[in-house]
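> the following comprises the amino acid sequence and a computationally predicted model.
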Amino acid sequence: MSEKKNILDLNLEELKEFFISIKEKEYRVEQVFKWIYQGVTSFDEMSNIPKELRNILNDNFSISKLTIFKKYVSKVDYTKKYLYQLIDGNIIETVFMKYKHGNSICISSQVGCKMMCKFCASSHLGFARNLTSGEMMDQILATIKDTGENINNVVVMGIGEPFDNYNNLIKFLKNLNSKTGLNIGYRHISISTCGLVDKIYDFLKEELPVTLSISLHSADNQIRKKIMPITIEYSIDKLIEACKIYTKTLKRRITFEYILIDGLNDSKKDAFKLVKLIKGLLCHVNLIPVNDSSDLNIKRSNKININKFRNILLESGIETTIRRELGSDIEAACGQLRRSSLNKYKTGDIIFPLNEL
Ligand code: SAH
């Protein structure tokens, strides 16, 4: 196992400091970054960097630390799911999706998750560790390399709670947006959180114009507590108060994610309660038919109820969409990640098995 630091964990200033410490010219930093974000995985490929410097970099850093463990390609759309293996053997999942308006990637922010949402597969396996900012970036670079495609949109909605890995997340976002990095505009980045209220206030202060998604899933504290334990710490009122301040201060719309679970949060009463809670807030509601989650007796609402729910919101003037599902045949949909990596794979097309689980 390599002890070298992952150069993707560094931002421009940090690499500059290193260059100053070895008495190297500062302009070389940008040259090195350019190579890295063009996807090279070895310093030897950096042809305009003197050999001596390449050797120093090689002695101190590695570039990519992810390897493809398995790759699944959907038969019904262009979705690809990657199981990437980290340097310590942990496995994370990344999903590549093709839309008319561009390519999106859904990345993981942690190995596992502490939030214990009842419907979510990522929670069931517990929490191992945070990902570094470089490991978040590496998912994108490795996927660009393997697909040969550009990435237009990044969503931090894979395994983990991004606001529970706050500092690494912020560093990653800034590196992702950097002109010497992949230069992805903040407006093309979305973060999804289950609602760590204190962190929403911290995030507000960063003034990054990304899209913030809140996994709300119920407008009723009792129901939400049953499925999302985080509600015990932060009530819905506290969460919505933070959202109001966020939208007012940044003038940016928030997306509320709302999974529809049969008999739990999908009645007309639930819809009216949601309207009352968020009416007047600068927002958009994304309804998600819940994906079957193992043994939990969680059932997807039927189409009629989903449409009724949507219509109540629309008639109340709340912009609402129903999420299109991609990659459903390879368990690449929301809330299905990672559980499958530890079970036997039953669906999808294994086209690149490097190893057996
Ligand atoms: N921890 C973050 C991001 C990861 S989950 C969050 O809670 O937002 C990404 C999205 O998938 C969230 O909206 C989450 O609620 C949703 N999700 C989790 N399990 C799901 C399931 N079984 N079906 C549909 N969506 C699910």
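The structure has been received and is ready for your questions. Numbering: from 1, shown residues only.

> bridged to the spatially most central residue of the chain, which residues?
Nearest residue to the geometric centre of the chain (CA atoms, centre = their mean): residue 156, 1.7 Å. Residue 156 has these beta-bridge partners by DSSP bridges: residue 191.

> hang on, it packs against residue 109?
Yes. Residue 156 is within contact range of residue 109, at 5.5 Å (criterion: CB atoms under 8 Å). For glycine as for every other residue, the C-beta is placed from the backbone atoms N, C-alpha and C.

> now do the shared contacts for those two.
Shared contacts of residue 156 and residue 109 (CB atoms under 8 Å, 6 or more residues apart in numbering): 136, 162, 169.

> list the contacts of the last one.
Translated: residue 169. 109, 133, 136, 156, 162-163, 191 are the contacts of residue 169 under CB under 8 Å, 6+ apart.

> ok, 10 Å please
Residue 169 makes contacts with 109-110, 130-131, 133, 136, 156, 160-163, 191, 193, 199, 203, as judged by CB atoms under 10 Å, 6 or more residues apart in numbering.

> and which of those is nearest residue 52?
Among the contacts of residue 169, residue 133 lies closest to residue 52 (CB to CB), at 28.3 Å.

> can you pull the contacts of that closest one?
6, 8-11, 109, 165, 167-176.

> the helices in this structure, which residues?
12-21, 27-37, 51-60, 121-124, 133-147, 166-177, 197-206, 221-227, 230-233, 236-250, 268-278, 303-315, 339-342 (DSSP state H).

> which parts of the stretch 101-250 of the chain sit against the ligand?
115, 119-120, 157, 161, 192-194, 215 (CB under 6 Å from any ligand atom).

> inside strands: which ones of those?
Judged by DSSP state E, strands contain the following of these: 192-193, 215.

> between the contacts of residue 169, which sits nearest the ligand?
Of all those, residue 161 has the smallest distance to the ligand: 3.9 Å, by CB to the nearest ligand atom.

> nearest residue to that closest one in space, please, no chain neighbours.
Leaving aside its sequence neighbours, residue 161 sits nearest to residue 115 (CB to CB, 6 or more residues apart in numbering; 5.0 Å).

> count the residues that sit near the one you found.
22 (other CB atoms under 10 Å).

> now do residue 197 against the ligand, distance only.
13 Å (CB to the nearest ligand atom, to the nearest Å).

> tell me who's in contact with the closest residue in space to that residue that isn't next to it in sequence.
Leaving out its chain neighbours, the residue that sits closest to residue 197 by CB to CB, 6+ apart is residue 234, at 4.3 Å. Counting by CB under 10 Å, 6+ apart, residue 234 makes contact with 194-198, 200, 228, 241-242.

> got those as JSON lines, with pLDDT and neighbour count columns?
Formatted as JSON lines, these follow (pLDDT from 0 to 100; neighbours: other CB atoms under 10 Å):
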{"residue": "194", "pLDDT": "98", "neighbour count": "24"}
{"residue": "195", "pLDDT": "97", "neighbour count": "26"}
{"residue": "196", "pLDDT": "98", "neighbour count": "21"}
{"residue": "197", "pLDDT": "98", "neighbour count": "19"}
{"residue": "198", "pLDDT": "98", "neighbour count": "13"}
{"residue": "200", "pLDDT": "98", "neighbour count": "22"}
{"residue": "228", "pLDDT": "96", "neighbour count": "23"}
{"residue": "241", "pLDDT": "98", "neighbour count": "14"}
{"residue": "242", "pLDDT": "98", "neighbour count": "22"}
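
> where are the low-confidence patches of the protein?
Residues of the chain meeting the criterion pLDDT under 70: 1-2, 293-296, 325-357.

> coming back round to it: which phi and psi does the residue nearest to residue 161 have?
Backbone dihedrals for residue 115, given as degrees, to the nearest 10, come out at phi -80, psi -20.

> just the C-alpha atoms of the longest strand along the chain, please, in PDB.
Once the chain is assigned using DSSP E, the strand that runs over the most residues is strand 91-99. Extracted in PDB, the C-alpha atoms of strand 91-99 (Å, rounded to 0.1, in the frame of the first residue of the first chain):
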ATOM      1  CA  ILE A  91     -15.700   0.100  -2.100                       C
ATOM      2  CA  ILE A  92     -17.800   3.100  -3.200                       C
ATOM      3  CA  GLU A  93     -20.300   3.600  -6.100                       C
ATOM      4  CA  THR A  94     -20.500   6.200  -8.800                       C
ATOM      5  CA  VAL A  95     -23.200   6.500 -11.400                       C
ATOM      6  CA  PHE A  96     -22.800   8.000 -14.900                       C
ATOM      7  CA  MET A  97     -26.000   9.200 -16.600                       C
ATOM      8  CA  LYS A  98     -26.600  10.600 -20.000                       C
ATOM      9  CA  TYR A  99     -29.400  13.100 -20.400                       C
END
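
> about what we covered before: ok, the shared contacts of residue 156 and residue 109 vs residue 278, which is closest?
Using CB to CB, the shared contacts of residue 156 and residue 109 come closest to residue 278 at residue 162, 21.8 Å.
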